[in-house]
Structure formats: C-alpha cells, structure tokens
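Enquirer: Quick one: sequence plus predicted model below, questions after.
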Amino acid sequence: MTWEKYIAGLFFAFSVLQAIGQNLSDTIQIHEVSVFAKKPLQKAGLNTTKPDSIALKSAQTIDFSGLVSKYTPIFIKSYGQGATATASFRGTGSSHTQVAWNGLNLNSPMRGAVDLSQLPVFFIDEAVVFHGGSSMVMGSGGLGGSISLQNKPSWDEKFGLETIIEKASFQSNKYFMKIGLGRDKVAASTRVYYENSENNFPFYNHGVLPHRPDTQENTAYWKTGIMQEIYLRPVEQQTLALRFWYHMSNRELPPLMSYEGGEREEYQDDKTLKAQLAWKNYGQKWETEIFSGFNFVKLEYFRNNPRFDFVIDDTKSLENSFMNRVRFMRKYNENISLSTGIDLNYHKVKIVNHTDRTGYEEERMEGRLLFDLHLRTNNNFMAMFLLSPEFYDGNIVFFAPLAGIEWAPLTIPGLIIQANASRNFHKPNLNDLYWLPGGNPGLLPEDGYSGDLSFKYEKQGKYFHAKNQLTLYGSRIENWILWQPASNGAYYWEANNVKDVFSRGLEYQGSLHIKSKKSSIDIHGNYAYTRTSNLNAKNSVDKSRGKQLIYIPKHTANVFLNYQKNNYSIQYSVSYIGKRYTTSSNENNDFEQVLTPYWMNSISASKLLVFNRIRLTVKGKINNLFDIGYQSILWRAMPGRNYSITIGINYKG
Amino acid sequence: MKHWVTILIILLLVSCEKEPVETIYFDLAGKDGVFITCEGNFMYGNASLSFYDKEEKRVYNQIYAARNNAPLGDVAQSVTRIGGKLYIVVNNSGKIVVANSQTIGFEGVIPGLTSPRYIHLVNENKAYVSDLYARAITIINPKNNTITGRIDVSDGKKLYQRHATEQFAEAEGKIFVTCWSNDEYILVIDCGNDIVTDSIKTPLQPKDIVVDKNNKLWVMCDGGYEGSPLGNTPPALLRIDPVTLTIEQKFSFSQNNDAPTQLAINSTFDTLLFVSGGVHKMGVDSRYLPDVPFIPASGHLYYSLGVDPYNDEIYLADAIDYTQSAIIYRYSKAGKLIDSFKVGITPGSYLFTE
C-alpha cells in the first residue's frame, strides 16, 4: 500500500508529536450512495451540505464557528478564541445567515446575527447548511443561507456516558459530559460543559513603537451550558421532543494592538435559555408537526475606566422570542407531496444603557404562511415550488417564492444537476429601526434575488467512495442596510438602506473515502470563490462601485484529512483565507489596510483503547502548526502555535 | 522521501509572513502645507496622517506609517504642533503619539490616557489634554512628554458621567473648555493653578469654540438628538463674554435644517465659518445667521472643515462612504475651487504650516 506509506511519512515529517493519542471518533461511517429515485422528495432542488460524522467528532471540543470554518465553505469573521464569531455566507453580512436549533431560530431580533462562538459542537448531533435560496425552507432572512443545528434521539442506547477533558495552551480547560438513556418509547440525554481560558497568549506587537514581544491581556473567558433532551414515542408514528438549553458566558474584551491607554475593564456577559416542544406524527398519507419554543437572551456589555471610576458603557438588553409553527404534509403518492403551514412568532426587546439612560423597548409580531409542493415526474426528474408570504410589524411581503429542479441524466450515472431560484428578504432588526440615536423606523427590508446551479457527482467502488459538488450562484441584494453618519450632518450615525449588492461565485465540496482491510483514509475539502460588490456608488468620487465588500475574502478553502489504522488515527486540516480588504474602494497599499492571506494548519494524533464497554481515547493536537502571524480582524492579536491534549471516556451499557 | 520534503518546503513557504514594508523617509522642512489627521474607523486601528503641499499641490498619505512602519492607532482625533514636534492625539488608543514635524520620525508616546481629544498649549512646559471619559483634564509636559498632573472636572454625580471635556480656547488669561458629550457646560480654568474656577451653562452639547477679534468666545452647540433622555434643544451658536462669563448672543438654528457643525474662524478673526449642508460665513458683528451657503453642499456631506490661518483658504472633506479614502476640496478665500485630493479615511482635523 504505497499511498499509506506516503501519507504516513508526510504526517510524521510535519509533526513532532508522538503518537500518543487517538481519535474521538471510534466509528468511521461509510456514506451510502444516494439513489436518486429513492431520494426524499422534500430535498429535491435544495442545495444543502453537511459536515460528516468524522468532522463533527473531530470538532467535538470546539465551538460551532470552528466547525463551520474548517468544514464548510462559509467564511467566519472571528475576533479570536472565545470571542465573537459570525458567519458570512456567499459574501453577505452576519445577519444574512440564519441559524436554527431544531427549527428554533437563534438570530437575535435586536442585532440580527448569531454569535457562533456561543454554540458548542458537543451539544449538536447534526448540522445542515442550506445554501442561498434553499434556506427559505427554514424561513426568510437567509440571504446568504442558513444553518440548521439538530439533535437526534438514540432510542436503542440503553445507557451511554461520554466525558471529555481537554487541557490546552494559555491556561485553557474544557470539560464535557453527556449521559444518554434510551428505551423503546423513551429516550433522554443530558449534556453539560464548562470551558475557561486565561487566553493570555504571547504575540509580537507591531502595532506600537518600538515593536516588541507582548502578551495579550483582558482576554479571559469562561462559558458553561447544559442541555436536556427528552423524547417520547408513545406509538410508532408519533414522537414528542422536549429540549432545554441554558448557556452563560463571560468574556473580557481586549483592546487593539495599538492601544497604550490607561487601565480599562471591558467585558460582555451572555445568558440564554432556549426551550422547545415538538410533536410529530408520521402517517401514511399525512405528516403533521406542531412546534413551540422560546429563546430568552440576556446580554450585558460593560466598559469602565477603573482609575476614574468612569463607567463608559453599561448596557443591558433582554430579548424574548416565542416561536410557533404548524406543518401539514400530504403525501398523495411517492411522486407528489404538498406541505402547508403557518408560523407565528413574537419578539420583545428591551435595551438600556445605564450610563446615559438611553435605550428602547419594542415588540415585533411576525407570521408566515407556507405552501410547498414537491413533484417527481419520473425516476430522474424532481421539482419543487415554495411560496411563503410573510407579515411583520404591519408590513406584508407576499411574493417570497423558491423554485427548484433536480435532474439526473441517465447517460451519466452518479451525476445530478440541480437548479433553483428565489426571492428572499431580510427584515430590518430592531436596533436598525429603534436604536437611539440613529434608528430609522422607515427602513425597508433588504430584498434578495438569487439563483443556484449545482452539479453533483458521486461514485463508489469496492474500496472508495467519492463525492463532488460544484455550485455556481448569483444573487442581488437591494436596500442593504448600513449605519453611516447622519445625512443631515448631525454627529451621530443612522441606519439607512444604502447599498445594492451583487454577489456571485462558486462553491466546491469534495470528499473521498478510501478503505483497506486495516486502515482508512478520508479527505474532505471545500473551496469558495466569492465575488461580492456594491453597485450603488454614491457619486463619481466614490470608488466603491464594483469593488469587493470589506472583510469578505474572494478565496477561501479548507481540507481535512483523516487517516486511521487499527486504533490509531492522524488528522490534518488546513484552511486558506484569502486577502480581505478593509476599505470599500479596495485600496491596497503597504500599510495594513489589506489583511493578507494566510494558511492555517493543524495536526492531531489519537489512540483508542478499548476495555470491555469502556473506550478511552487520548488525543494530542497542534494548532497553527507553522506558528504564523496573522490577523483575522484589523489589529486584533491572534495566537501562534498552541497545543491541546484531550482525554475522552465513552461507556455504553 | 524527496516528494514529501518538497511538500513540506511548499507548505512552509506559503505559511510565511509577508516581507516587512520598506521605510519611506520624508523631509518636509520648508514646505508650506497642511497636516491632516484621518480618524479611520472606530475599532479598525486604521487612523492615518496626511500632508498636503500647498505650493506643489501634492499630497503625501499614510506618512506616519510609511516613515515608522507602525500604525498611528485607532481614531486620530487631532494634531497640534509644539516646537518642532507633532502631537497626534489618538483617541481610542489612549495615547498621544509624538513625531518630528519635518521627518515624521517617531519621537515618543504619551501613554496611559483614557479617551483623549484635543491639546491646548499653555506654555512651553505645560499643555492640557481634554478627555471624554476621564472626568479630568490631563496636564502634560511637552519638554519630556510626561504626564505631570490632572485637573479634576468631575461634578460629583454619576448621571451622564460629567464632565466630558472637548475643545479649548484662551481669552482674557483664562482657558475655556467645552463639555460636549451628554453635557451643557463650558468650564473655566485658571491655568496658573490648574483648577476649574467657574462654568457657563449652555444649550446642550457645546463642542466647537473659537475666539474673535473682540476677544469674544463663539461656541457651537449641537443640541443633542430627538428622543435623548437628556432632552434636546435646537442647535445654537453662542457669543460669550469671557470676562463676565455670560452668553451675550444666542443664534438658534431650525431643527429641520442641516445640523450646524465645524465652527472655525478666519485669519483676521472677524468672520465665522461653519458647515450646515454647505459652508456658511458670518461676520462676528452680524445680527443674523446667514441664509445662503457661501459654498453650497452640491451633494456632498462635509465631514470636516479647515480654514488656513495664513491665507483663509478653505479645506472641506467629503468622507464619501466613510470606509474609503476621503476627498478634500481646497477652496480659495473667495470660494473658488483650487484643487482636490485624496487622503485617508474620515479626515477630521487640520494643522496648517508656513
């Protein structure tokens, strides 16, 4: 097996690591080959991808932003370990990626975005990425796309216990535990975690003079959470799911590298409580779902000058969201299904800055009707059409459709061609409308038109299984909301519908699984070319027309490789983040107005030990293997090479 | 073997950092021009310093970074020349960067500040630094670039965290400082004893302050914003007597019009200039606000205004979309366009040299 020696040699050349550890993935699952004729009708025409079980296991101790950046084409704008991380999908803004937890939308009604650093991968069993207009099956607002985080019951797991302890550089500690119980009609699982870090990494500070070695300060954080799931299956066709998730964190917020001011105290506290109750009935002809959930988010931002006891900012916000939906799906036969449904959501936001007593308290009621038709005309053609009129704050958006087709040419087995087109929209968030000063109640929704064309090719042999997907897309977003200095010259900033954005590009996902008698190798890769530009330049001196939007790289890529032999495994991942402009005119000079591209490499090795029903895994990992200096955000320090060691214990009764 | 060594070398190469930027040397001695601080974007750390040569009509951008291979910092608020040095106040970096005014070479830093805004030179050994969040004016010694003291300006109350000090003016042997953010006072400072001796209550948020030929103070108040818990008032231009500390005249602006900002005065101290849509001129003896702009807005939203104290030429910055290089229009005293040039992001203050 020449290839085995080749890969093994490559890894050992990179690594100073001894093979002390192994993989937290004790089972490598071989994907089934999709048989087009048997593909669920509900997925026809939708462009979706998902990190596989190996990726999820490998990312088990990191937050969701890490999983997304390493295993999907979505670009993550991260302020560093433990700090805010938001998604930019297909060149759109952070509020244009919708995130849902088992159908409960997590996007803040106040700010629009989701902080992915607050979602531990350990709490998730499956993640599905909906690209572009395909996200409309989850709801409106995903102009870039959406991410569905899902939990699954384990009906046949009598008793399962999983604990993970991780120690890492910069005084970082992580502890995870999951207990699962399952019987025929009842399943339950409890997950808890705690993570803390001083995060006091060294870096070379070239943001001040003289340039000097420095240590990051005011960056410590802790996070903790608990999730409880209870599932009932009173009869074979019915399930009842009840889930709770409480999460809290405290994060110090560091200054920029150029800061040389006096002592400062700045932090953010987050507390969230999410709960949901879902009942599903799977009949021969009808499927019914009733869902109800809430999401409470309490956030405190505090900034103080301790020397003068000057509280610069002390803002507390409370967001309460209640979300409800009903779905009916009628399966006329194997080739036609029609879904209808209604969503009814209520949001209430209260925000107060206690230093100057500014703030607002506002509500939003929103509702959505859904008509979703899926057809299969023969064994190689499917189509879907979705229409979802929506109202919010007294406004009605009637025309919000999605249409898709899927065709498998019989002449090329394994090839599927998929296309869809949609009109989607994104409601202004409540800060955009009501923030004082500068909120603009007259804002229009951001209006998006998009289209996708995908080619999927899948091939499986005795020792391999390969998947490829290439997608071309284009989208136009009008009335893009931006905050800019007030148009009347006043000193504050205000929200306006400013830009007209054209986003286009391609996404490629590929995977290859090769196995032999004693070993296997998995390679997964993503590449995204994202060209996103503003068409609405202000006047002739405005050089932003046609230029790439700031902080959106044109090129991103990642490759993940897992090699396993017996109970040893080695994993290697490399991510590429292309050049990012920080000026709308894409000026490119030598003075750090452009964030330079970088490659981020990491390697891990792990060992699995089996003692009857107990499985012990030990894993060692090196992040930023080549100790590169880079900036994800302008003048934000980032850590160099760092290490972690992880011990996992799994018991199944 | 050689294959994976090759791969390793390629990976190492692509992981390397970029080469250091080459230093660019300047000699601005004898050049007649203007330094322009460009704030950059808050929390981007992309503030910059530009120099425009009036004779050659040539602009030098990013001169601090080019000379020193380091960023200026986050939000360059103002620049003052003391002796042969530039004192660049970098607001959100909590520091004042000191650079040689001819070579722009780094000469030092005054760190440890909170949110510094403007500098006022009292004498060769003493300068005051206003601050948004320190409830104090910092006293520095420009001779050795050290902090030598502080003037407490706290009103003893927590609400609105007063006083946030802003711009300075000197008249009748006293120093006056506006208190802008969530405030409504001008403080009077005895610069001999470094203490606040008095205050003048004004309409909300007094910001810009200048002194005219009659030794009267002129202050522009923006009036806050609608919906503010502090309340809001129409923007107002005030004439204040520095002796009696009384408001002698108050010119109120309509809240429906463009907000008045960027108060400046000409070289003979007899004409005020400010931006309200376009640029307006007003004699210090006028009894009315001007109706018609001297330089119309013509679709521009002017971010800052500089008036050359040596020839009364007017520099107007259009920040365009606030995330790209701004354009500055240079007008003659008579309002005729002379030149335009690009500088950094959001240019905010001007320092004219001769």
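Expert: Great, that's in hand. Note that this is a predicted model, so its numbers are computed, not measured.
Enquirer: So B:L238 sits against B:D208, correct?
Expert: No - if you go by CB atoms under 8 Å, B:L238 and B:D208 don't touch, sitting 10.7 Å apart. Any C-beta I mention is one placed from the backbone N, CA and C, and that applies to glycine too.
Enquirer: Would you agree A:S632 falls within a strand?
Expert: No - counting by DSSP: H, G, I helix; E, B strand; the rest coil, A:S632 is not part of a strand but coil.
Enquirer: Roughly how far does it sit from B:G94?
Expert: From A:S632 across to B:G94, the span is 23 Å (CB to CB, to the nearest Å).
Enquirer: Have a look at those two and say which one is more surrounded.
Expert: A side-by-side neighbour count of A:S632 and B:G94, using other CB atoms under 10 Å in any protein chain shown, places B:G94 first with 27 against 21.
Enquirer: which residue sits closest to A:Q631, ignoring its sequence neighbours?
Expert: Closest residue in space to A:Q631, ignoring its immediate chain neighbours: A:L595 at 5.5 Å, by CB to CB, 6 or more residues apart in numbering or on different chains.
Enquirer: Between B:L238 and B:D208, which contacts overlap?
Expert: B:V219, B:M220 (CB atoms under 8 Å, 6 or more residues apart in numbering or on different chains).
Enquirer: give me the element B:I186 is part of.
Expert: Assigned by DSSP states H and E, B:I186 belongs to strand B:185-190.
Enquirer: isn't the residue nearest to A:Q631 right up against A:T583?
Expert: No - A:L595 lies out of contact with A:T583 (CB under 8 Å); the separation is 11.2 Å.
Enquirer: so the residue of chain A at minimum distance from chain B, which of the three states?
Expert: Chain A approaches chain B most closely through A:G261 (1.4 Å), counting by CB to the nearest CB. Here A:G261 is coil, with the state taken from three-state DSSP.
Enquirer: Kindly report the same for A:F385.
Expert: Assigned with three-state DSSP, A:F385 falls in the strand class.
Enquirer: which residues does it contact?
Expert: Per CB under 8 Å, 6+ apart, neighbours of A:F385: A:D372, A:L373, A:P401, A:L402, A:A403, A:G404.
Enquirer: give me the number of residues near the fifth one?
Expert: What it means is A:A403. Neighbourhood size, A:A403 [other CB under 10 Å]: 18.
Enquirer: check whether stretch B:128-141 contacts chain A.
Expert: Yes - Stretch B:128-141 is in contact with chain A by CB under 8 Å from any CB of the partner chain, via B:Y133, B:A134, B:R135, B:A136.
Enquirer: first to last residue in that stretch, what's the distance?
Expert: 9 Å (CA to CA, to the nearest Å).
Enquirer: taking the mean pLDDT, what do you get for that stretch?
Expert: Averaging pLDDT along stretch B:128-141 gives 96.
Enquirer: rewinding a little: near chain B, from the contacts of A:F385?
Expert: Of these, not one also sits near chain B (CB under 8 Å from any CB).
Enquirer: tell me the contacts of the spatially most central residue of chain A?
Expert: The residue lying closest to the centre of chain A (CA atoms, centre = their mean) is A:V68, at 5.1 Å. By CB under 8 Å, 6+ apart, A:V68 lies in contact with A:I74, A:I76, A:A87, A:L116, A:I147.
Enquirer: do B:S332 as well
Expert: B:E313, B:I314, B:I338.
Enquirer: cutoff 6 Å now
Expert: B:S332 makes contact with B:E313, B:I338, according to CB atoms under 6 Å, 6 or more residues apart in numbering or on different chains.
Enquirer: The stretch 51-200 of chain A: strands as residue ranges?
Expert: A:75-78, A:85-88, A:97-101, A:104-105, A:126-131, A:145-150, A:159-168, A:172-182, A:186-197 (DSSP state E, counting those that start in this stretch).
Enquirer: what distance separates the fourth one from the middle of the whole chain?
Expert: Using CA atoms, centre = their mean, to the nearest Å, the mean C-alpha position of strand A:104-105 is found 13 Å from that of the whole chain.
Enquirer: So for B:N69, what's the pLDDT?
Expert: B:N69 carries a pLDDT value of 93.
Enquirer: what residues are up against the residue in chain B that chain A sits nearest to?
Expert: Distances between chain B and chain A by CB to the nearest CB are smallest at B:G94, namely 1.4 Å. By CB under 6 Å, 6+ apart, B:G94 lies in contact with A:G261, A:G262, B:L113.
Enquirer: residue contacts, B:Y160?
Expert: By CB under 6 Å, 6+ apart, B:Y160 lies in contact with A:D356, B:N182.
Enquirer: Oh, that last question was meant for A:E458, not what I typed.
Expert: By CB under 6 Å, 6+ apart, the neighbours of A:E458 are A:G414, A:K467.
Enquirer: Tell me which other helices or strands the strand holding B:I186 touches.
Expert: strand B:174-179, strand B:195-201 (3 or more CB pairs under 6 Å, 6 or more residues apart in numbering or on different chains; DSSP states H and E).
Enquirer: Could you give me the buried positions within that strand?
Expert: By 16 or more other CB atoms under 10 Å in any protein chain shown, the buried positions in strand B:185-190 come out as B:Y185, B:I186, B:L187, B:V188, B:I189.
Enquirer: same thing with stretch A:142-153?
Expert: Under 16+ other CB under 10 Å, the buried positions of stretch A:142-153 are A:G142, A:L143, A:G144, A:G145, A:S146, A:I147, A:S148, A:L149, A:N151, A:P153.
Enquirer: pLDDT and distance to A:F122 added to the contacts of A:V68, as CSV?
Expert: Formatted as CSV, these follow (pLDDT from 0 to 100; distance: CB to CB, whole Å):
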residue, pLDDT, distance to A:F122
A:I74, 93, 20
A:I76, 94, 18
A:A87, 94, 19
A:L116, 96, 14
A:I147, 96, 17
